[in-house]
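>>> sequence? don't have it. structure:
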Ligand code: 5GP
């Protein structure tokens, strides 16, 4: 099977969108500390660029890593934590940063999990909201791009651990 990459979101557009997202976040939280939590590994580049666009001194960064099982239509899907948050989140303004929201199961699980730490607020931020396979409705406060479908790579997103390092986002097209 041959894989071809079709560019769907160029680097310049991602850069522009991240600036917009950061400005919206700063507008919602004009002052005080912000705690950004990224989901590994996919969100590592997005989170790195997003926090560098935030213009204040008090920014904290942490990561969670989850493992997902069962995305077939017949299964309910199950998410478990393989690396938990290490910062204290109680009373903090937390922004949960996801690369892609697809079925919504990961983010729904993480919102619940992070709420147990009693933050002051939890906002959700996704670079890509991919609508077609959504199984649970999750509230997305900040969204970069909305797409219907497609398997995407680049800018942190992988296909069998390949392509994370690419600066733009591509759709993987398979052919014989
Ligand atoms: P969900 O729980 O919303 O179905 O899945 C979210 C996770 O699935 C994302 O954080 C990402 O790791 C993975 N995922 C979903 N769609 C894609 C995609 O198009 N490309 C890649 N590389 N990963 C995806």
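Cool, got the structure. In this text, all values refer to a predicted model and were calculated from it rather than measured experimentally. Numbers count the residues shown, from 1 in each chain.
>>> what residues does this structure put near the ligand?
Selection of the chain residues close to the ligand by Cβ under 6 Å from any ligand atom yields 39, 42, 68, 98-107, 130, 151-153, 157-159. Quick note: C-beta positions are derived from backbone N, CA and C, even for glycine.
>>> among these, which lie within strands?
The members of these that map onto strands under DSSP state E are 39, 68, 98-101, 130, 152-153.
>>> where in the protein is pLDDT low?
For the chain, applying pLDDT under 70 flags the ranges 70-77.
>>> rerun at 90
Where the chain drops to pLDDT under 90, the residues are 1, 68-78, 149, 176.
>>> so which residues of this protein form helices?
Counting by DSSP state H, the chain has helices at residues 11-28, 44-52, 105-115.
>>> list of residues touching the shortest one?
To tie it back to what came earlier, the one meant is helix 44-52. Helix 44-52 is contacted by residues 14-15, 18, 21-22, 36, 38, 59, 61, 63, 97, 99, 125, 127, 144, 155-156, 164 when judged by Cβ atoms under 8 Å, 6 or more residues apart in numbering.
>>> just the last one next, same as before
The contact list for helix 105-115 (Cβ under 8 Å, 6+ apart) reads 37, 39, 64, 66, 68, 71, 77, 79, 81, 85, 89, 94, 96, 98, 101, 122, 124, 126, 135-136, 138-140.
>>> could you redo the last one with a cut-off of 6 Å?
Applying Cβ atoms under 6 Å, 6 or more residues apart in numbering, the set of residues contacting helix 105-115 from outside is 66, 68, 77, 79, 96, 98, 101, 122, 136, 138.
>>> great, nothing more from me.
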